[in-house]
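Student: Have a look at this prediction, sequence included:
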Amino acid sequence: MRESQQLEIFIRKHYSSMRAVALRFIGSPDIAQDITQEVIIKFWKNRENYPDIESASSYLYTMIKNESLNYLRGTEREKKRYNKLEIEEYEHPTVLNRLIEEDINQILIDAINKLPGQSARIMRLVLSGYENKEIAQVIGVSVNTIKTLKYSAMKKLKEYLISRYKEQEL
């Protein structure tokens, strides 16, 4: 398989969830897209250095998280320079809330990755903000099929998350 085809498959598989994670951290669709593209390029250029990585999704999540945090830290430093505030980053509640939210999002992404291929793809598109009609056009099936698959996927995700929560209580 040609490298460009492999890259296209890689992007289709990971882009939506990566962008969703970056968007949750950053809050800006344009910046989230830039961060996602940078991470994809960085990973793809250095993929030979990661032969032992068992789960590219988890590794990419860590890369997105780190790049997003670096971006947030950079903007925070800029704000400090301009406003001459002496607030430590770890005292800033929004950063802590974002970290907690992203840990939860990673659990959701892992759960989505356990779904059957078509259902996982639909849920990634939903997380990226696509409507049922748009998803149906992208995938090439009816809106009713999307609704059915989406309902089934959400039910499976709910069951997975409940079982995971119960495991953590023990």
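Tutor: Looks like it arrived, so ask away. What you see is a predicted model; the values in this text were computed from it and never measured.
Student: CA atoms for contacts and neighbours, from now on please.
Tutor: OK.
Student: can you give me the helices for the chain?
Tutor: 3-26, 29-45, 56-83, 93-113, 117-127, 132-139, 143-169 (DSSP state H).
Student: Reformat these into CSV and put mean pLDDT and mean neighbour count next to each item.
Tutor: Below are the helices of the chain laid out as CSV (pLDDT from 0 to 100; neighbours: other C-alpha atoms under 10 Å):
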stretch, mean pLDDT, mean neighbour count
helix 3-26, 85, 18
helix 29-45, 89, 17
helix 56-83, 82, 16
helix 93-113, 79, 16
helix 117-127, 86, 19
helix 132-139, 88, 15
helix 143-169, 86, 14
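Student: S16 reaches L125, doesn't it?
Tutor: Yes - counting by C-alpha atoms under 8 Å, S16 does reach L125; the two are 6.5 Å apart.
Student: Just give me the neighbour total for G140.
Tutor: Using other C-alpha atoms under 10 Å, G140 has 10 neighbouring residues.
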